[in-house]
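1. Pasting a predicted model and its sequence here:
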Amino acid sequence: MKVVVNPDFKQFEGFLTEALNRSYNAENVYRNFRNTVEDVTVDGLRVVVKIFKKPTEFNRVVYSFIRPTKAKRSYEYSLRLLSLGVDVPQPIGYVEKKKGLFFHTGCYVCVYTDYRPVTDFKDKPLDNPQIAAFVDALAEYAASFHSMGLLHNDFNIDNILYKIVDGKFKFQLIDLNRVKFHNHSTLLCAKDISNIHFRDDMMKALIAKYCSIRGLNLKSFSEKVRLNANRYKGITKIKDILLIPLGLRKKRRD
């Protein structure tokens, strides 16, 4: 078993070593289907433990010899984003466990964040001044993130967190194992934006502000977002039809 600990949190090495056994008392369980995400207080510090689902046999080989595991990427990408000035929860460490010669499962541990998911604003009216300010702030944040050559690749309203500080919105990102660096593709930026499933009026306002900041053609970029959103809906529908009856996917709630 491989255990990697952030030097700033060396005291958590023992906790990390046992984390995959789930021998702790979880205070909250956020997800418990594909991956398990829980928070627990350790030595007075509230932390989040994300235990990744066991990969397929094919991916066990991939994660053993070809591609870094999700746990390792979550940790290393968090450190890298922090070094670039992007706010993410403080990484504590990660664990990789093998079964025989091949990777079996892993987990990632970070400091708990008091930021909230932007789902809070999903059904709010755009004519509310605070909601309009939120949409502008999120567009500015996304434009800044993409202008740095960064793509989240799962830039949805569960993975974008916010907090209001001195009357201004601050944002934080989670679920970071898919982040791409040094990528300035406008098409892929549109795909990132298409994952933010707000109402149409909010999306139009967000895209307009985003394009204004980045100097992009609004009509062209909006079309790219629309096509990606439709493609996502189509793929999701097919997955639901195939996987929900097998118990491999939960029915989505609108």
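-> It's in.
2. Please make it C-alpha for all contacts and neighbour counts, starting now.
-> Fine.
3. Nearest the geometric middle of this protein, what residue?
-> The residue lying closest to the centre of the chain (CA atoms, centre = their mean) is residue 175, at 2.7 Å.
4. so that residue touches residue 159, yeah?
-> Yes - the pair residue 175 / residue 159 is scored as a contact, 6.2 Å apart, by CA atoms under 8 Å.
5. Tell me the helix or strand right after the worst-scoring helix or strand of the chain on mean pLDDT.
-> Here the helix or strand of the chain ranked lowest by mean pLDDT, DSSP states H and E is strand 28-32, holding a mean of 76. The element immediately downstream of strand 28-32 (helix or strand, assigned by DSSP states H and E) is strand 36-42.
6. Pull out the buried positions in the next helix or strand after that following strand.
-> Next in sequence after strand 36-42, counting helices and strands by DSSP H and E, comes strand 45-51. Neighbour-count burial for strand 45-51 flags 47-51 (criterion: 16 or more other CA atoms under 10 Å).
7. Need the outlier residue of this protein, farthest from its centre.
-> residue 100 (30.6 Å).
8. Return the distance of it relative to residue 18.
-> 19 Å (CA to CA, to the nearest Å).
9. Equivalent analysis for residue 237, please.
-> Counting by CA to CA, the gap from residue 237 to residue 18 is 38 Å.
10. can you check residue 121 too?
-> With CA to CA as the criterion, residue 121 and residue 18 are 38 Å apart.
11. Check residue 95 too.
-> 9 Å.
12. just residue 50 next, same as before
-> For residue 50 relative to residue 18 (CA to CA), the value is 13 Å.
13. same check, this time on residue 165
-> 36 Å.
14. likewise residue 10?
-> 14 Å.
15. With residue 7 instead?
-> 18 Å.
16. ok so residue 89 is a helix residue?
-> No - if the criterion is DSSP: H, G, I helix; E, B strand; the rest coil, then residue 89 is coil and not within a helix.
17. which residues in this protein form strands?
-> 2-5, 28-32, 36-42, 45-51, 91-99, 102-111, 116-117, 160-165, 168-173 (DSSP state E).
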